[in-house]
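Asker: Sharing a sequence plus its predicted fold:
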Amino acid sequence: MSIHILATLEALPEFRSAVDSALRELVRATRQEPGNQRYDLYCDAEQPEVFHIVETYSDMAALEAHRGTRHYLSYRDQARSWLRKPPVVRVLRALDLAGVMPVTAV
């Protein structure tokens, strides 16, 4: 069963650009992880210092592996002082995945 995550991060205004750059690098590296199915970065249209990451992993083991990667740990340590408050990370339960076809055994 896939694991879906919504992470929200709020940069301090003076570090908005640094957070943006670091998150883009995190996205690039995370998309290469074997259990990653989706890792998309968004910026709030009305509050450009607020970022959202929509993540999907093949299972909980893939999420835990992500949390132990060098690129994730490096980003977390680097950006800690750039954020207004700790990130808000929510695990989501899918109710309706429009456009996603179920996988069936052959």
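Answerer: Yes, it's here.

Asker: Report the separation between F51 and T30.
Answerer: 14 Å (CB to CB, to the nearest Å). Every C-beta, even on glycine, is put in place using the N, C-alpha and C of the backbone.

Asker: does L26 really touch L73, like I thought?
Answerer: No. L26 is not in contact with L73 according to CB atoms under 8 Å; the separation is 10.6 Å.

Asker: quick one, which of those two is more surrounded?
Answerer: L26 (21 against 11; other CB atoms under 10 Å).

Asker: Tell me who's in contact with the more buried one.
Answerer: H71, Y72, Y75 (CB atoms under 8 Å, 6 or more residues apart in numbering).

Asker: what about Y75, neighbour count?
Answerer: Counted with other CB under 10 Å, Y75 comes out at 19.

Asker: Same check on the one 10 residues further on?
Answerer: Other residues near K85 number 9, with proximity taken as other CB under 10 Å.

Asker: got any ranges where this structure has weak pLDDT?
Answerer: By pLDDT under 70, the low-scoring segments of the chain are 97-106.

Asker: Would you mark the buried spots in the helix ranked longest in the chain?
Answerer: Criterion DSSP state H: the longest helix present in the chain is helix 16-30. By neighbour count on 16 or more other CB atoms under 10 Å, the buried set for helix 16-30 is R16, V19, D20, A22, L23, L26, V27, A29, T30.

Asker: do the same with stretch 46-60
Answerer: E49, V50, F51, I53, E55, T56, Y57.

Asker: Could you list the residues in contact with it?
Answerer: 1-13, 16, 19-20, 23, 27, 30, 35-44, 63, 66, 84.

Asker: can you check stretch 63-83 too?
Answerer: With contact meaning CB under 8 Å, 6+ apart, stretch 63-83 is reached by 3, 5, 9-12, 15, 18-19, 22-23, 25-26, 29-30, 33-36, 55, 57.

Asker: rewinding a little: with secondary structure and distance to A94 added, can I get the contacts of L26 in CSV?
Answerer: As requested, those are exported to CSV (DSSP: H, G, I helix; E, B strand; the rest coil; distance: CB to CB, whole Å):
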residue, secondary structure, distance to A94
H71, helix, 26
Y72, helix, 23
Y75, helix, 26
